[in-house]
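*Asks:* 3D model of this:
(one chain, ligands or ions: 1)
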Amino acid sequence: MLELLDICAGYGDTRVLREVSLWVPPRSVVALLGTNGAGKTTTLRVASGLLAPTSGRLLLGGQDLTGSPPHALARRGVCHVPEGRGVFPHLTVRDNILVQAAGGDVDEAVEKAVSAFPVLGRKIRQPAGSMSGGQQQMLALARAYVTSPAYVLLDEVSMGLAPVVVDEIFEFLGKLAGSGCALLLVEQYVTRALELADYVYLMNRGRIDFAGEPGELDSARLMEQYLGAQT
Ligand SMILES: Nc1ncnc2c1ncn2[C@@H]1O[C@H](COP(=O)(O)OP(=O)(O)OP(=O)(O)O)[C@@H](O)[C@H]1O
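*Replies:* Numbering: from 1, shown residues only. Have a look, this model is predicted:
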């Protein structure tokens with residue numbers, strides 16, 4: 001279980017998260033939804049160790065990892081796919097995978113990445129930056145996948161992509177979840193996120209103001225609160 005307990009966090013003097021508690025059980029899909037600027041990205045940054053909380057605790061498998069650096073969490077199976085893709089544009093697709101698979105079997109990692117997104121196989125020697133936005137996003141997801149993570153934190157991975165690419169990405173996320181990987185999903189496509197999710201948290205101004213199963217959500221309230229969110 002990945003647990004955030006009473007987390008307060010921010011940037012300099014700006015307080016963003018206010019006593020946020022959130023649980024991601026192994027092999028579950030948890031959607032974290034909220035208005036713009038609510039603190040969703042900040043929550044993922046705390047969960048992956050990129051941002052140390054000012055108070056509260058981060059636990060993984062019952063172990064207190066509050067203040068641990070990102071590589072310590074990555075080593076324990078927590079993988080963060082940040083907003084804006086996070087691939088190395090000047091490296092080839094293969095080298096992007098190689099960097100992620102460091103220490104492991106590179107051919108196996110490439111094969112796994114290509115099995116997830118066959119288009120990567122056709123671009124394997126090209127610089128990642130020469131691919132379309134959708135293909136770069138696929139590469140970012142494939143890089144996470146090859147490490148066989150236990151928890152993947154996904155920040156708006158469908159942002160700005162063509163509907164057909166969004167379909168492919170959600171299909172992959174379904175498979176990833178089906179393979180036993182837990183997902184913490186920040187998503188603008190509310191309906192799609194809820195279709196995948198076992199649990200949902202709604203965040204507003206740095207606080208969690210709903211936690212439960214998608215079926216318990218009041219859809220009228222959801223739409224009112226998330227008017228403008230894409231379905
Ligand atoms: N590096 C930073 N320095 C200062 N303030 C920041 C920084 N990053 C985010 N913020 C502020 O923290 C608040 C929460 O931002 P965050 O990105 O976590 O929200 P979000 O829910 O992910 O929003 P969005 O959907 O717009 O990405 C916002 O008010 C934002 O302006």
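
*Asks:* could you use CA atoms for every contact and neighbour count after this?
*Replies:* Fine.

*Asks:* other SSEs contacting the biggest helix by length in the chain?
*Replies:* As assigned by DSSP state H, the longest helix anywhere in the chain is helix 163-178. Under the contact definition 3 or more C-alpha pairs under 8 Å, 6 or more residues apart in numbering; DSSP states H and E, helix 163-178 sits against helix 133-145.

*Asks:* and the helix it packs on, average pLDDT?
*Replies:* Per-residue pLDDT values across helix 133-145 average out to 93.

*Asks:* quick one: contacts for the residue nearest the centre of the chain?
*Replies:* The centroid of the chain falls nearest to L154 when counting by C-alpha atoms, centre = their mean (1.3 Å). Residues near L154 by C-alpha atoms under 8 Å, 6 or more residues apart in numbering: 80-83, 183-186.

*Asks:* next, see if the one helix or strand T42 maps to gets close to the ligand.
*Replies:* Assigned by DSSP states H and E, T42 belongs to helix 40-47. Yes - against the ligand, helix 40-47 shows contacts by C-alpha under 6 Å from any ligand atom at 40-42.

*Asks:* among these, who's most crowded?
*Replies:* Neighbour counts for those were taken using other C-alpha atoms under 10 Å; the highest belongs to K40, with 28 neighbours.

*Asks:* circling back: can you redo the contacts of L154 as a markdown table with neighbour count?
*Replies:* Output for the contacts of L154, formatted as a markdown table (neighbours: other C-alpha atoms under 10 Å):
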| residue | neighbour count |
| --- | --- |
| H80 | 26 |
| V81 | 21 |
| P82 | 18 |
| E83 | 15 |
| L183 | 29 |
| L184 | 25 |
| L185 | 25 |
| V186 | 25 |
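
*Asks:* pull the most distant pair out of those residues.
*Replies:* Distances among these were taken as C-alpha to C-alpha; the most separated pair is E83 and L183, at 15.1 Å.

*Asks:* quick check: residues of the chain near the ligand?
*Replies:* Contact residues, the chain versus the ligand (C-alpha under 6 Å from any ligand atom): 11, 16, 36-42.

*Asks:* farthest pair in those residues?
*Replies:* Y11 and N36 (16.8 Å).

*Asks:* sorry, back to before: ok, residues contacting the next helix or strand after the longest helix of the chain?
*Replies:* Per DSSP H and E, the first helix or strand lying C-terminal to helix 163-178 is strand 182-186. With contact meaning C-alpha under 8 Å, 6+ apart, strand 182-186 is reached by 24-33, 40-41, 150-156, 177, 193.

*Asks:* contact partners for the nearest residue in space to L60 that is not next to it in sequence?
*Replies:* Of all residues not flanking L60 in the chain, L2 sits nearest, at 4.7 Å (C-alpha to C-alpha, 6 or more residues apart in numbering). Shown in contact with L2 (C-alpha under 8 Å, 6+ apart): 23-26, 58-61, 151.

*Asks:* nice, that's everything, thank you.
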